[in-house]
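In: Quick one, fold the following:
(one chain, ligands or ions: 1)
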Amino acid sequence: MHSGSLQALWVGAGGTVMLHPQLSVHFLKLFFLNIAQFLNIVRTLPGPAKKMTSMSLLYEFTKMALVPYDGQVLSGLKRFHNSSTTYTFSNHTIRIKQDWKELGVAAVVWDAAVVLCMYLEAGGVNLQGRSVIELGAGTGLVGIVAALLGGDVTVTDRDMAMEFLKSNVYDNLPKELEHRMSVKPLNWGVGLENYSPFDVILGADIIYLEETFQDLLKTLIHLSSEHTVILLSCRLRYQRDHNFLDMMRKHFTVDQVHYDKNLDVYIFKAWKRLREEF
Ligand SMILES: C[S@@+](CC[C@H](N)C(=O)[O-])C[C@H]1O[C@@H](n2cnc3c(N)ncnc32)[C@H](O)[C@@H]1O
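Out: Have a look, this model is predicted:
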């Protein structure tokens, strides 16, 4: 059975399923064999694939919502195993190191980051001389491009991602721009008193973990004044991603400003709502 019919099967069951390629056939067997056997198969997968597959299955089964499956996910998985990936933005070649095995989601470039870089390069928002913060920067690609486009950029992520992030940022940033860049830890919702509002807030593929939504929203509110422009690029994979946008709409005006059909990535632009709009 090829992946198209797999998808159709699960759409019919009220959702769709994403599986590691080695598991797509085995997943069907789950319904004919027992769960223990399925878990044995999962155990034979390499570390990250095992973690991702078992976590998404367990999480989605407990919530009775299945993980979206599409061909891009599978090709994305292969791409994540490359130790580096190269882009050209703002007339600069940017070579990003990746380390999916050690650091997972924070150490690979997501399509949302590439689409946001294209949007910025096309002049989607003026960054020249503006203070910019990137949240959940991962490899830092978006922050690097924002600095190349003239922003004074603070690139942030969780503590565990710092070393890798710094190395990617400073390996790629021209020396003469280093004074306009800083790389700092920012765990959403934590230590926000160390940060003041920025002109521009950027985030690529950071709407994905429901348990972080309140803290992410709190962070966006804290980092914005009524002049701040927020750009969030994302693939809308689950209903909960839409729910986050609804949570944002209580505090911000949120507009879809771009959709990349090939990569299935949206960009939303948001501004803090003025008191009288409430
Ligand atoms: C899917 S990755 C996207 C990485 C990068 N923006 C990109 O698009 O290539 C999500 C990022 O959010 C970061 N992240 C997740 N939870 C976070 C939290 N509570 N505080 C700060 N960053 C977080 C992860 O470390 C990771 O770098």
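
In: Checking my notes, Gly129 in a helix, right?
Out: No. Assignment of Gly129 by DSSP: H, G, I helix; E, B strand; the rest coil gives coil, placing it outside any helix.

In: Without its sequence neighbours, what residue ends up closest to it?
Out: In space, and not counting its chain neighbours, Gly129 is closest to Gly150: 6.3 Å by CB to CB, 6 or more residues apart in numbering. Just so you know, the C-beta spots here come from the backbone N, C-alpha and C atoms, and that holds for glycine as well.

In: quick one: contacts for that neighbour?
Out: For Gly150, the contact set (CB atoms under 8 Å, 6 or more residues apart in numbering) comprises Leu127, Gln128, Gly129, Arg130.

In: Is it in a helix, a strand, or coil?
Out: Three-state call for Gly150 (three-state DSSP): coil.

In: one step back: and the contacts of Gly150, which two are the farthest apart?
Out: Largest separation among the contacts of Gly150 by CB to CB: Leu127 and Gly129, giving 8.1 Å.

In: so what sits against both of those two?
Out: Residues touching both Leu127 and Gly129 (CB under 8 Å, 6+ apart): Gly150, Gly151.

In: For these two, indicate the residue with more neighbours.
Out: Leu127 (23 against 10; other CB atoms under 10 Å).

In: Quick one: low-confidence residue ranges for the protein.
Out: 1-76, 275-278 (pLDDT under 70).

In: repeat that with 90
Out: 1-83, 101-102, 273-278 (pLDDT under 90).

In: what residue lies at the spatial centre of it?
Out: By CA atoms, centre = their mean, the chain has its centre lying nearest to Asp205, at 2.0 Å.

In: residue contacts, that one?
Out: By CB under 8 Å, 6+ apart, Asp205 lies in contact with Trp110, Asp111, Ala112, Ala113, Gly136, Gly138, Ser233, Cys234, Arg235.

In: and the chain, which residues reach the ligand?
Out: Within the chain, the positions near the ligand by CB under 6 Å from any ligand atom are 105-106, 109-110, 112-113, 136-139, 157-158, 161, 187-188, 204-206, 208-209, 212.

In: hang on, isn't Arg79 packed against Thr85?
Out: Yes. Using CB atoms under 8 Å, Arg79 makes contact with Thr85 at a distance of 7.2 Å.
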